[in-house]
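Chemist: Provided below for reference: sequence and predicted model.
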Amino acid sequence: MEYFFEQQPPVQFQQLAATSHQSMSKLPDYYPATAEMYLPGVPRTRSLFGAADNELTCLVESSPKPRARKRSLCGIIGDGSGEKKEKQRRMRLSDKFTALMILIPNRTKKDRSTIVGDAIEYIQELGRTVEELSLLMEKKREHHGDVVDASAGDSESSVVPIRSTFIRRKSMETSVDVRIVEDEVNIRLTNSRSDGCLAAASLALDHLGLDLVHLSGGKIDDCHVYMFNTKIHQGFPVFASAVASKLIEFVDDYYLSS
């Protein structure tokens, strides 16, 4: 026990003789797998616990570096024909929309969806106008005696088509619905501004030669709605498209000038 508690002299190491160095240098010949790890100047890349650690070390050291992705140069080297064709197609489509917008008499907005909607309404309006003109021509020819069949009897001569047409026109702030049934013209005028709307509408009715029979109005949300019941003068031709266009023209011009 006294040996463990007594202060021991410091341990001194002596350098081996030259013959011992030669013996240590010959160790790899006898123990190549384990002795290299303890020789000076040899990297410590191996383990004492067998070949499994050596294989793992080789896998870690020999794992390939991730390759950097190279940007494809197909779009840069190519002639750009696809992009050029797409640009030409868009230009042609834009020109067609511009031409279609010019054909519409009363455009509400300039975006493409509104242009298509206004074009559809205008085509439907043209179809109704054609039907209205056909009825007027038949009545005119019957009135002048161009188409008279005395032997046809009352069953065929008494059947006369009733003139009825409906048209809707819109502008930025005004919407007009016109329905003509025989000699009566019913007009619905919707506008977001009330000042001066009735004055401009009355001027338009006077210009069209329509007699005002009844007028009613109200407010729905932020819009002012007016209903006009008018009569057509005898022998005075009136078309629904002309009534709608004239009302929008007078009302919009009034707001532009004010």
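Modeler: Yes, it's here. Numbering: from 1, shown residues only.

Chemist: going forward, measure contacts between C-alpha atoms and count neighbours the same way
Modeler: Will do.

Chemist: Now do the SS call for E83.
Modeler: helix (DSSP: H, G, I helix; E, B strand; the rest coil).

Chemist: residues near it, how many?
Modeler: Other residues lying near E83 total 11 when counted by other CA atoms under 10 Å.

Chemist: With I187 instead?
Modeler: 24.

Chemist: again, but for L93
Modeler: 12.

Chemist: same deal with the one 3 residues further on?
Modeler: Using other CA under 10 Å, the number of residues around K96 comes to 12.

Chemist: what's the answer for E131, then?
Modeler: When neighbours are counted by other CA under 10 Å, E131 comes out with 15.

Chemist: Equivalent analysis for E138, please.
Modeler: As a burial measure, E138 scores 14 neighbours (other CA under 10 Å).

Chemist: Tell me which helix or strand it sits in.
Modeler: If you go by DSSP states H and E, E138 is part of helix 112-143.

Chemist: Return the list of helices and strands in contact with that helix.
Modeler: Identification of packing neighbours for helix 112-143 by 3 or more CA pairs under 8 Å, 6 or more residues apart in numbering; DSSP states H and E yields helix 81-103, strand 164-170, helix 240-257.

Chemist: okay, the angle between it and strand 164-170?
Modeler: 150 degrees (axes from the mean of the first three to the mean of the last three CA atoms, to 10 degrees).

Chemist: Pull out the buried residues from helix 112-143.
Modeler: For helix 112-143, the neighbour count (16 or more other CA atoms under 10 Å) marks 115, 118-119, 121-122, 125, 128-129, 132, 135, 139 as buried.

Chemist: ok, of the residues you listed, which one's closest to Y254?
Modeler: Nearest to Y254 among the buried residues of helix 112-143, counting by CA to CA, is D118 at 23.3 Å.
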